[in-house]
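**Student:** What follows is a predicted protein model with its sequence.
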Amino acid sequence: MAENIAANRDAKHGMGLALAIWGILLVSVAYFFKYGLPELASERTSQDTLYYVILGITGVVYIAVQFYLGLYIWKFRHRDDAVGSYWHDSHRLEMAWTIGTVVVLIPLVFAGLVIWNDVKAAPPEEEMLTIEVVGAQFQWDMRYPGPDGQFGTWRPELYSLDNYLGLDPDDAAGADDIHVVNQLVIPVGRPVRILLRSKDVQHAFFLPNFRVKQDLVPGIQTSVWFTPVKVGEYEIACAELCGLGHYRMRAFLSVRSEADFQTWVAEQTASSD
Amino acid sequence: MSEGHNDHGHGEQSFISKYIFSFDHKMIGKQYLTLAMFMAVIGGALAMLVRLQLGWPGQHALFWEKLFPTGMASGVMTPEFYIMLFTMHGTIMVFFVLSLGPVSGFGNFLIPLQIGARDMAFPFLNMMSFWTAVPGAIIILISFFVEGGAASAGWTSYPPLSAIRSAVPGSAAGQTLWLIGMVFFVASFTMGGLNFVVTILNLRTKDLNMMKLPLTTWAQFVVGILGLLSFPALAAGAILLLFDRSLGTSFFLPAGIFIGDELFPHAGGSPLLWQHLFWFLGHPEVYIIMLPALGFTSDIISTFTRRPIFGYRSMVYAIIAIGFLSFIVWGHHMFVSGMSPFLGTVFTMTTLCIAVPSAVKTFNWLATLWRAKIRFTTPMLFALGIVSLFVTGGLTGIFLGTNAVDIQLHDTYFVVAHFHFIMAGAGLFGLLAAVYYWFPKMYGRFMNERLGKVHFWFTFVSYYGVFFPMHYLGISGMMRRIYDPNTYEYLKPLQPVNTFISICAFVLGAAQFLFFANYFWSIFKGKKVDEENPWETNTLEWSTPITVGHGNWPGEIPEVYRWPYDYQNPDESGDHVPQWQAPVKVTR
């Protein structure tokens, strides 16, 4: 009997827990409307759509499950007249929620795979601009192929403070390559492919506004491509721990009109002569 | 299986053989728990320092310089100190707290008691496993004091950052000690895993077949298998990385690494190989952390709802399914790593499969609460907290497991939120729930209920305050492992969120002192247990005397007649029927 009294007294903690769960539920959902994805500036709308679909589905499940958790905690708290039930199996119920979960997940998987396929597929070749981005502790170096449209070859043996990109001085194709530091300038409306190379450790090329993220792996060349759809100034972030300067491995992305971009290219070519 | 099996001091034992080099699973379990608690204080302190920096970047009082003369000279935290902090926080918490506590601690303590065995199958190996973990922990702690400081390449230790000594200060001696410490840890854990699996398979008492085991035991069994099969991958990786660092090999290092004006002579290796080896362990590891908590949750909920766990059979299958699936999902940590995109497709499919058994477990818990008679003791509050945290954390896994969506969220605070809800939430709350629940069995006394409840309230509410807002940070694009987010214009508006999180984190950290005080005080002064089965539950460990001696049961080991979930069974009299209670012919 003493235990019953204690159990009944403890019931107020159960009521408190239900209220806490509901309170947390309300606050957490409310703030979701305040903090959203960074403004989208690339053509990758499908990634965002899928994100919102998953948010919607998981949101509904989150709200429902936390709500019912709170409800059952409240409703079935210990009271003298309450009776626990021995019911502990229902094949039908278990089938229902197992199959239900599978049914909800399958379209998500397929949507994800289709979009993944598009992201990872070869980019459209016409009008595409290819730029090499070299990451090293702790800066980003961009290389444009220049008027000849070809990148000069490079070798790691040629790395030095004077030859930051390791370019082969005997390769004529490299003579007109444009090299800028921490600044990526691209024209709006054309696909751009970024070839990624690391000089030292792993880094990751992250464009929050463009839904682009790709690790730079020493020893291999990775790449991403995307199409900017909005003129503007954006930031480039490193998203893989690369040492003590990881936090400041930041660069700037400038999306300009085609005309402004060509002007900039001409300036770079002129100043490097 | 019978008394007098090993003659290692059935008379008076010396202090050394009883408390230091004990062969008794109960003492070894408590030793592990003590080690885990000690490491938790250190791991927690590291987190508090991380939050100090993120909450108030760059502005700290001068007294910090006295504590950390290099790391916080003039009261300003250096970036290299910061990255060492989160590296060691992760390492200590994942391995030395959340694996050693619920698995090595409670697995060892509970398994023989719950299956009706005198001890584990290999008591000597058990003792060795603890005394292998201790040097591992000591080496990890020593690494803080070597030149360059402790490892700083993240708990994930990706090469080349972790392989090249000049890449970051912590990759000098600190990283070497990290690797050696981890080899010890893996050895210890592997010994433990072997013991768990062999014991549960072979030493169950009469008529205790697998489908009558409590879910706690089932979880420890599957975890033992996971540990045995997955940890060797990390050991292999760690040893290869040691070779790359010290012997000039190139398992993980390609040609063309240029740091500090020096071109390194390695060639032919791949950093991706490390990632595969690490995550082949790393993913099962997080289920090793999580499954025991899920097992505790089921049994504690059943006890304090006075109901059988709903869907026992599916709960068992779910544990097995989660265990199996955990081996084929590791690539979801590597979607943008540069591995073949085809693997990205495969790993999304396998990863989203894990959502199914996890959902099944959640629905089964909810159904157990239905028509229950819930007694809100401290362990029950923590167990219910686990359900809430598990739901939150599990759902965000769907975002991250879907490769196309992971592109934006990978290596952001969304990931940090996800794994803290699951591992720290489910894992840590599981450990706490287990301590409050089994404390009477460990020490013959209760922990203080009132203090326990206060501890719960501060912990649960501040927990959500710390980790839920991290979802918002991740969605807004805040990267992980960033010493000062204000370096980026687009992250500056998020500073108030970071400050809020830090304040909640300090509350969370401070609240844990309530737990430690309660634990240690109660060992000596807690209210004494005056009946053998104070929670009125059904699992076999509660059939021992209040003070559990060597060999667990003074006489014969009890037989088991039923599953552990007979509460309000209409065919039986009484509110509950323990497993060891023989069927009684009821005459009316």
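**Tutor:** All right, it came through fine.
**Student:** So in chain B, which helix runs the longest?
**Tutor:** Taking DSSP state H as the criterion, chain B has its longest helix at helix B:271-305.
**Student:** Where does the record place the domain boundaries for the chain?
**Tutor:** Picking chain A for this. Partitioning chain A according to automatic domain parsing yields domains covering residues A:2-77+A:92-120, A:129-271.
**Student:** meant chain B actually
**Tutor:** According to automatic domain parsing, the domains of chain B span B:28-256, B:279-514, B:527-588.
**Student:** among those domains, which is nearest chain A?
**Tutor:** Chain A sits nearest to domain B:28-256 of all the domains of chain B, at 2.5 Å, using CB to the nearest CB. (Glycine included, C-beta is placed from N, CA and C.)
**Student:** so how far does the closest one reach from one end to the other?
**Tutor:** 49 Å (CA to CA, to the nearest Å).
**Student:** Say whether chain A is contacted by that domain.
**Tutor:** Yes: using CB under 8 Å from any CB of the partner chain, domain B:28-256 comes into contact with chain A via B:78-80, B:83, B:152-154, B:158-161, B:164, B:167-169, B:253-256.
**Student:** Now do the buried residues in the helix or strand hosting residue B:520.
**Tutor:** Element membership for residue B:520, per DSSP states H and E: helix B:495-525. For helix B:495-525, a neighbour-count test (16 or more other CB atoms under 10 Å in any protein chain shown) marks B:497-498, B:501-502, B:504-505, B:507-509, B:511-512, B:514-515, B:518-519, B:522 as buried.
**Student:** Mind picking the one among those residues that's closest to residue A:245?
**Tutor:** Within those, the smallest distance to residue A:245 is 20.3 Å, found for residue B:498 (CB to CB).
**Student:** Distance of that closest one relative to residue A:248?
**Tutor:** Counting by CB to CB, to the nearest Å, the gap between residue B:498 and residue A:248 amounts to 17 Å.
**Student:** Over to residue A:235?
**Tutor:** With distances defined as CB to CB, the gap from residue A:235 to residue A:248 amounts to 12 Å.
**Student:** of those two, who's got more company?
**Tutor:** residue A:235 (19 against 15; other CB atoms under 10 Å in any protein chain shown).
**Student:** Backbone dihedrals for that one, both of them.
**Tutor:** phi -110, psi 150 (degrees, to the nearest 10).
**Student:** Quick one: classify residue A:141 as helix, strand or coil.
**Tutor:** The assignment at residue A:141 comes out as strand when based on DSSP: H, G, I helix; E, B strand; the rest coil.
**Student:** What segments of the chain are strands?
**Tutor:** All of this is about chain A. Counting by DSSP state E, one finds strands in chain A at the ranges A:129-136, A:139-144, A:178-181, A:183-187, A:192-198, A:203-207, A:212-216, A:222-226, A:232-238, A:250-256.
**Student:** let's do chain B instead
**Tutor:** Counting by DSSP E, the strands of chain B are B:258-259, B:262-263.
**Student:** Quick check: which of those strands is buried the most?
**Tutor:** Looking across these with neighbours counted as mean count of other CB atoms under 10 Å in any protein chain shown, the highest average goes to strand B:258-259: a mean of 20.
**Student:** excluding its backbone neighbours, what's nearest residue B:401?
**Tutor:** With CB to CB, 6 or more residues apart in numbering or on different chains as the criterion, residue B:401 has its nearest non-adjacent residue at 3.6 Å, and that residue is residue B:351.
**Student:** Is the one you found in contact with residue B:329, as I believe?
**Tutor:** Yes: look at residue B:351 against residue B:329 with CB atoms under 8 Å: they come within range, at 4.5 Å.
**Student:** Which one's more surrounded, these two?
**Tutor:** Here residue B:351 and residue B:329 are compared on neighbour count by other CB under 10 Å; more neighbours surround residue B:351, at 26 against 22.
**Student:** Spit out the contact partners of that one.
**Tutor:** Counting by CB atoms under 8 Å, 6 or more residues apart in numbering or on different chains, residue B:351 makes contact with B:329, B:332, B:397, B:401.
**Student:** is chain B contacted by the helix-or-strand element of chain A with minimal mean pLDDT?
**Tutor:** For chain A, the helix or strand with the lowest mean confidence is helix A:2-32, at a mean of 88 (criterion: mean pLDDT, DSSP states H and E). Yes: with CB under 8 Å from any CB as the measure, helix A:2-32 is seen reaching chain B through A:7, A:10-11, A:13-14, A:16-17, A:20-21, A:24, A:28, A:31-32.
**Student:** Tell me the gap between that helix and the middle of its chain.
**Tutor:** Relative to its chain's centre, helix A:2-32 lies at 36 Å (CA atoms, centre = their mean, to the nearest Å).
**Student:** In that helix, which residues are buried?
**Tutor:** Of the residues in helix A:2-32, A:7, A:10-11, A:13-14, A:16-18, A:20-22, A:24-25, A:28, A:32 count as buried by neighbour count, 16+ other CB under 10 Å.
**Student:** And it, what does it pack against?
**Tutor:** Using 3 or more CB pairs under 8 Å, 6 or more residues apart in numbering or on different chains; DSSP states H and E, the elements in contact with helix A:2-32 are helix A:45-75, helix B:378-401, helix B:449-467, helix B:469-475.
**Student:** Next, the contact list for the closest residue to chain B within the stretch 51-200 of chain A, please.
**Tutor:** Per CB to the nearest CB, the residue of the stretch 51-200 of chain A with the smallest distance to chain B is residue A:156, at 3.4 Å. Taking CB under 8 Å, 6+ apart as the definition of contact, the neighbours of residue A:156 are A:166, A:199, B:255-258, B:263.
**Student:** Closest one to residue B:490 out of these, please.
**Tutor:** For residue B:490, the closest of those turns out to be residue A:199, at 26.3 Å, with distances computed as CB to CB.
**Student:** I'd like the distance between that closest one and residue B:157.
**Tutor:** When distances are taken as CB to CB, residue A:199 and residue B:157 turn out to be 20 Å apart.
**Student:** just residue B:263 next, same as before
**Tutor:** If you go by CB to CB, the gap between residue B:263 and residue B:157 works out to 23 Å.
**Student:** List only buried entries from the contacts of residue A:156.
**Tutor:** Under a neighbour-count criterion of 16+ other CB under 10 Å, the subset of the contacts of residue A:156 counted as buried comprises A:166, A:199, B:255-258, B:263.
**Student:** Which of the residues you listed sits closest to residue B:206?
**Tutor:** residue B:257 (62.2 Å).
**Student:** so the closest one touches residue A:197, yeah?
**Tutor:** No: distance between residue B:257 and residue A:197: 12.0 Å, which falls outside the contact criterion (CB under 8 Å).
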